[in-house]
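**Student:** Pasting the sequence and the predicted model now:
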Amino acid sequence: MRLLQLHSDFIEYEPIEKEIRDAEEIVPQSKVRLEDLVVAFVAVESRDDESVVKIAVDEIKKYLDMVKSSRLLIYPYAHLSSDLAPPTLAIDIIKSVESFAKDSINQVYRAPFGWTKSFNIKVKGHPLAENSREISKQEEHKHADPLHREKESSALKDEEKLQSLWYIAQPGGQMAPVHNYNFKKQDQNLQMLVDYEIAKNRAVNEQPAHVRLMKKLAIADYEPASDAGNIRYYPKGRLMKSLIEQYITRRVMEYGGIEVETPIMYDTKHPSLQSYFNRFPARQYSITSDNKQLFLRFAACFGQFLMAKDFNISYKHLPLKLYELTRYSFRREKSGELVGLRRLRAFTMPDCHAFCRNLDQAKEEFLKRFELSISVLNDLGLTIKDVEMAIRFTEDFYNENKDFMTELINRFGKPVLVETWKERFFYFTLKWEFNFIDGLGKASALSTDQIDVENGARYGIEFVEEDGTKKNPIILHNSPSGAVERIIYALLEKSAKISKEGGIASLPLWLSHTQVRIIPVSQEHIVHCEKVLAELTENQIRADIDDRDETVGKKIRESETEWVRYTIVIGDKEIHSEKLIVRDRNEGKQRETTLYQLINEVKEQTRNKPYLPLNLPLRLSSRPQIMV
RNA sequence: GCCUUGGUAGCUCAGCCUGGUAGAGCGUUACCUUGGUAAGGUAGAGGUCGGGGGUUCGAAUCCCCCCCAAGGCUCCA
């Protein structure tokens, strides 16, 4: 049975003529209008029998309670399904839904069956106003294959099963229910994560700090000509992204990740993808090509899993680690959820899957990736102090792996938020993520890893065991950093926080577009500046010359507001001596140095980080102005 | 998607309540200034007032519809 429930301000309908021979006989009536109600469109399918009635009524009742309505219209609507029951059976089932519903629902109405009806409906605007369910016979529940069962469980969403229990776990392994935990001063951000996740306390009314900064620093901006959540990146933003991408890729490859590239669009009808797609159909971009209905990937999983399925894998090859940096992954988040660089519809996601022989191997690998994630985040400029960990698992997994969980929490070294479920609903048994808490108290996941016990079978990925049998691997899903755009978001928000507390906002030196700015005192010094610039560039330091016809004071000021770390002014004094006066923005004052020392100082701080040349003209007078 | 707030020069914003035909600062252009560590001076150019419709003699201003953004609700596999 298919059920579409709409919480509506009103519906008006009018039976026009009998559509089928078996249409219900009704007393001819004119237009019917009902206000403030739930309209349940119902299609009875071929496999349905009386056993779906109770499930359907329970669903409807639950929905009415949720939207706090007590008026129901049952509206037979064949178009919801292509696999309809015979009309005589359908009308019986619909009538018993009606009579059964009357036991528990205040006002129940029903539109006639088998008639062409014109109707006019106004659906309420709130997020729960539209709700669709697929209901199958009860006895199928017990024997359904896993894919089928998942479809139903998502349809039925048994509340008991999905109910979360929340704890705070501390290094050492003690867990206390969240409401018993005494948050200390240093747990301030953890408390915000808890508020965000559980209490849903988000009463703020400000534009996020990073949105202002991404514009001010000419990193990125909205692109009105695209879809919402698709951002334009200016030269400085593109440079930052390239550097972050190169860095993460190198680290994952050093860890053993094998880089691959997979398509960004997939066939909705592909058997392995279909069940996934049906589960969250509203969140994909979908496109049509020839006769195919395709969707844009929302992660790298599909491509890598489909690829791994075609590999010939022995247990000796495991753990096998495939990696892709997806530019882009697409998620059609609801428009109201999109925020600056925090939440996008197109984002760059490093995604590394490890195919493991068994749980022991998976756990061992899991710890390696945990360390990798901490290290990557740290090099990107975000330490453990900047993030809060959430860890989510099923009760069974916890009971069987207590020591392992304690080990994870110990390695993090701070109290973490724990969410547990009685039974597994998602494809993973264990998942952790690092959440960045921004200036408005919003939490966003960065690094994450999961133990996936389901997709090996779903995608038919197999390896040959020692004894010759074929097995499905356990799959780990790790992004050591989270989305690249979100890293920039976190760095900008962190800077804003520092600046609010009276510190100096900055970006890590290796991610700064200009590392050294050279300012000539007057035009005649430009030639010498060019020599200094060449020396710096040769040493892979990004430097530029502010040769515009402005006063030195003004150029210094702009260098500061552009967050340039080192500024050197070159005039007669410098030309005739080895000494340089460098203005170090982090110290807020000048000091004497030499070019050689400055080069070493920059190289020291950017060691083991990727280098790319400045992707703007090296003379500021040749640059177009981007925003302000 | 809904609610609230907002959209005026390249950028940040004032004007809107009380209708009378467009303002500031920054940027930009030209000229002067040739400079020493956070904004040198003068003059000029630059606006379908988000889009469309309506009311009016007259609309940036009042009304309706739409688009975009922010914040909230919700969602976040």
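**Tutor:** Noted; the coordinates are in hand. Everything numeric here is computed off the predicted structure, so don't read it as measured data.
**Student:** make it CA atoms for all contacts and neighbour counts henceforth
**Tutor:** Fine.
**Student:** For the helix or strand harbouring residue A:167, what does the pLDDT average out to?
**Tutor:** Using DSSP states H and E, residue A:167 sits within strand A:164-169. When pLDDT is averaged along strand A:164-169, the result is 89.
**Student:** hmm, who's touching the very next helix or strand once past it?
**Tutor:** Following strand A:164-169 in sequence order, the next helix or strand is strand A:175-177 (DSSP H and E). Residues outside strand A:175-177 that contact it (C-alpha atoms under 8 Å, 6 or more residues apart in numbering): A:165-169.
**Student:** So for the helix or strand following strand A:175-177, what gets flagged as buried?
**Tutor:** Next helix or strand after strand A:175-177 toward the C-terminus (DSSP H and E): helix A:188-194. Using 16 or more other C-alpha atoms under 10 Å as the test for burial, helix A:188-194 gives A:189-194.
**Student:** Show residues contacting helix A:188-194.
**Tutor:** A:183, A:387-388, A:415-417, A:435, A:437, A:441-443.
**Student:** from the residues you listed, which would you call buried?
**Tutor:** Buried, going by 16+ other C-alpha under 10 Å: A:387-388, A:415-417, A:435, A:437, A:441-443, out of the contacts of helix A:188-194.
**Student:** Serialize those to TSV and add fields for secondary structure.
**Tutor:** Listed next are the buried ones among the contacts of helix A:188-194 as TSV, based on DSSP: H, G, I helix; E, B strand; the rest coil:
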residue	secondary structure
A:387	strand
A:388	strand
A:415	coil
A:416	strand
A:417	strand
A:435	strand
A:437	strand
A:441	coil
A:442	coil
A:443	strand
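**Student:** Flag the least confident of these.
**Tutor:** Among those, residue A:441 has the weakest pLDDT, 82.
**Student:** From what I see, that residue and residue A:208 are in contact.
**Tutor:** No - using C-alpha atoms under 8 Å, residue A:441 is not in contact with residue A:208, being 10.2 Å away.
**Student:** Domain parsing of chain A, as residue ranges.
**Tutor:** Domain assignment for chain A, taken from automatic domain parsing, gives A:2-143, A:167-172+A:194-201+A:258-264+A:298-505, A:509-622.
**Student:** ok, residue A:536 to residue A:558 distance?
**Tutor:** Distance from residue A:536 to residue A:558, counting by C-alpha to C-alpha, to the nearest Å: 21 Å.
**Student:** Between these two, tell me which one has more neighbours.
**Tutor:** residue A:536 (21 against 13; other C-alpha atoms under 10 Å).
**Student:** For the more buried one, which three-state class applies?
**Tutor:** helix.
**Student:** quick one: the nearest residue to residue A:334 once chain neighbours are set aside from RNA strand B, how far?
**Tutor:** Closest residue to residue A:334 apart from its sequence neighbours, by C-alpha to C-alpha, 6 or more residues apart in numbering: residue A:283 at 7.9 Å. Relative to RNA strand B, residue A:283 is positioned 6 Å away (criterion: C-alpha to the nearest atom of the strand, to the nearest Å).
**Student:** Spell out, range by range, the strands that occur in the stretch 1-150 of chain A.
**Tutor:** Remark: strands assigned in the stretch 1-150 of chain A by DSSP state E, counting those that start in this stretch are A:2-18, A:32-43, A:71-76, A:107-110, A:115-123, A:130-134.
**Student:** Can you pull out the residues in contact with stretch A:519-529?
**Tutor:** By C-alpha under 8 Å, 6+ apart, stretch A:519-529 touches A:518, A:545-547, A:552, A:555-556, A:567-572, A:575.
**Student:** hmm, try it at 10 Å
**Tutor:** Surrounding stretch A:519-529, the residues in contact under the criterion C-alpha atoms under 10 Å, 6 or more residues apart in numbering are A:518, A:530, A:532-535, A:544-553, A:555-556, A:559, A:567-572, A:574-575.
**Student:** Pull out the buried members of those.
**Tutor:** A:518, A:530, A:532-533, A:535, A:544-548, A:552, A:555-556, A:559, A:567-571, A:574.
**Student:** tell me the contacts of residue A:379?
**Tutor:** Contacts of residue A:379 by C-alpha under 10 Å, 6+ apart are A:244, A:247-248, A:373, A:508, A:510, A:608-609.
**Student:** Of those residues, keep whichever come out buried.
**Tutor:** So, by 16+ other C-alpha under 10 Å, the buried ones in these are A:244, A:247-248, A:373, A:510, A:609.
**Student:** which of those are close to RNA strand B?
**Tutor:** Of the residues in the buried ones among the contacts of residue A:379, proximity to RNA strand B by C-alpha under 7 Å from any atom of the strand holds for none.
**Student:** any idea which of those is closest to residue A:482?
**Tutor:** Ranked by distance to residue A:482 (C-alpha to C-alpha), those are led by residue A:373 at 9.3 Å.
**Student:** looking at it, the closest one is touching residue A:449, isn't it?
**Tutor:** Yes - between residue A:373 and residue A:449 a contact is recorded at 9.1 Å, counting by C-alpha atoms under 10 Å.
**Student:** count of residues packed around the closest residue to residue A:76 other than its chain neighbours?
**Tutor:** Using C-alpha to C-alpha, 6+ apart and skipping residues adjacent in sequence, the residue nearest residue A:76 is residue A:42, 4.9 Å away. Here the neighbour count serves as a burial measure; for residue A:42 (other C-alpha under 10 Å) it reads 24.
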